[in-house]
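Asks: Sequence plus the predicted model coming up.
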Amino acid sequence: MEVYVLITLAIAIFCGFFVQSLVGFAGSLVALPILLFAVKLPDAIAYVSVFYLFSSAYMVYKEWCNIDRATILRLILASLIGVVLGIAVLAYSKPVVLQTGLGIFILLYVGYVVFGKKEMVLSKNVNWTFGVVGGFFAGVFSTGGPLYAISVKNTVKGAKAFRATMIGVLALITLIRIPALSISGVLTFQHLQMSLMVLPVFFLAQFLGIKFFPKINEVQFKRILLVILSLSGLALIF
């Protein structure tokens, strides 16, 4: 059983963090559905959170000059509130309905972007709300990325700045989430042990994602973004 979990973990982390390093988010949205074949949701969240910590340390250092720090500062308080609420729900309830709701919302947003006649512009209050709700879903499912993507896309222009800022935002969320998961008992020492065993697979995924990113132009990047959001929404629903 442990070998099966280890193999599933390696496949999930490779797929998830290749996408994460390529576009700046969606690592958990790709990794979680794969992980759930082998472990329960809280364990899957714990594993993904550990690798977000590994990823954040390197990627923030590498992308620091491209990060829109004003956007991250704006989201700090909202994210803190959201993550704490989300982890409380993860630890003490069964949040399947919320997962489906998030999936439907993401698909509606993609539909608006594709078919809407003008670009969605969010007010400051709505942006702050997205931060709270993004933090909440980051706490519950490690899947707040799409909501942050909508918020960041509204204030940051250009694929390079968007990707770097998303990396910075998710690093912030990880720094909040790891202690909260440990205190709640969701993250244990066994999760860390298993994670260390598939670390080489994680490094390979990071390397390939970083290598492929410069080969993508702005138009391709936006298309990939919408495809990933659509698949994420469907994965969350089904």
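Replies: Cool, the structure landed.
Asks: switch to C-alpha atoms for all contacts and neighbour counts from now on
Replies: Will do.
Asks: per-residue pLDDT, Leu208?
Replies: Looking at Leu208, its pLDDT stands at 90.
Asks: sorry, that was for Val121
Replies: Here the pLDDT value assigned to Val121 is 59.
Asks: max-length helix in this protein?
Replies: Across the chain, the helix with the greatest residue count (assigned by DSSP state H) is helix 159-184.
Asks: can you give me the helices in the chain?
Replies: Going by DSSP H, the chain shows helices at 2-23, 27-35, 41-63, 69-92, 96-115, 124-141, 145-155, 159-184, 189-197, 199-212, 218-237.
Asks: The third one vs helix 124-141, what angle?
Replies: Right, the one you point to is helix 41-63. Orientation of helix 41-63 against helix 124-141 (axes from the mean of the first three to the mean of the last three Cα atoms, to 10 degrees) gives an angle of 130 degrees.
Asks: Show me what helix 41-63 is packed against.
Replies: Helix 41-63 is packed against helix 2-23, helix 27-35, helix 159-184, helix 189-197, with contacts defined by 3 or more Cα pairs under 8 Å, 6 or more residues apart in numbering; DSSP states H and E.
Asks: so what's Ala164 closest to, chain neighbours aside?
Replies: In space, Ala164 comes closest to Ile67 once its chain neighbours are excluded; the distance is 5.0 Å by Cα to Cα, 6 or more residues apart in numbering.
Asks: That neighbour: neighbouring residues, count only.
Replies: 21 (other Cα atoms under 10 Å).
Asks: give me phi/psi at it?
Replies: The phi/psi pair for Ile67 (degrees, to the nearest 10) reads phi -80, psi 130.
Asks: any idea how far it is from Ala57?
Replies: Ile67 is 14 Å from Ala57, where distance means Cα to Cα, to the nearest Å.
Asks: Ala91: neighbour count?
Replies: Neighbour tally, Ala91, other Cα under 10 Å: 16.
Asks: just checking, it touches Leu187?
Replies: No: using Cα atoms under 8 Å, Ala91 is not in contact with Leu187, being 10.7 Å away.
Asks: Report the contact partners of the residue nearest in space to the middle of the chain.
Replies: What sits nearest the mean C-alpha location of the chain, by Cα atoms, centre = their mean, is Gly145, with 4.0 Å. For Gly145, the contacting residues are Phe25, Ala26, Gly134, Ala138, Met166, Leu170, by Cα atoms under 8 Å, 6 or more residues apart in numbering.
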